[in-house]
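Undergrad: would you be able to build a 3D model of this:
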Amino acid sequence: MENYTYQTQGVCSRMISFGIEDGKLHDVKFLGGCPGNTAAIGKLVEGADAAKIADILRGNDCGGRGTSCADQLAKAIDQALKG
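TA: I've put the predicted structure just below:
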């Protein structure tokens, strides 16, 4: 499994860590942010197709910030998949 970290921008969480194995997401964890929401995101995406999850979460907005923790996860996945 390849492990990744991503420094977030414009949201309460500061970093996202996750793994991708055979195109599937694993162990998604946020450092900071709303604990209940970020933990729920990690549980919901566990074992799911990484590219599909990025497509679903991309563009999700939080309070008019133009991004969100979910959107930042999509950006992190996109970056990881591009290598």
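Undergrad: looking at this protein, which residue lies furthest from center?
TA: Computed with CA atoms, centre = their mean, the residue of the chain farthest from its C-alpha average is residue 64, at 18.7 Å.
Undergrad: where's that residue relative to residue 10, distance?
TA: Relative to residue 10, residue 64 is positioned 11 Å away (CB to CB, to the nearest Å). C-beta: built from backbone N, CA, C; applies to glycine.
Undergrad: and residue 68, by the same measure?
TA: Taken as CB to CB, the span from residue 68 to residue 10 is 9 Å.
Undergrad: the residue farthest from the centre of the chain - that's part of a helix, no?
TA: No - the assignment for residue 64 (DSSP: H, G, I helix; E, B strand; the rest coil) gives coil, which keeps it out of a helix.
Undergrad: where does the residue positioned nearest the centre of the chain land in three-state SS?
TA: What sits nearest the mean C-alpha location of the chain, by CA atoms, centre = their mean, is residue 73, with 2.1 Å. Applying three-state DSSP to residue 73 yields a three-state assignment of helix.
Undergrad: how far off centre is stretch 47-66?
TA: 7 Å (CA atoms, centre = their mean, to the nearest Å).
Undergrad: got it, and stretch 29-43?
TA: 9 Å.
Undergrad: what about that stretch, average pLDDT?
TA: Mean pLDDT, stretch 29-43: 97.
Undergrad: how about residues contacting it?
TA: Outside stretch 29-43, the residues within contact range by CB atoms under 8 Å, 6 or more residues apart in numbering are 11-18, 27-28, 69-70, 73.
Undergrad: re the thing from before, ok, the residue nearest to the centre of the chain - contacts?
TA: 6, 16, 18, 28, 41, 45, 53, 54, 57.
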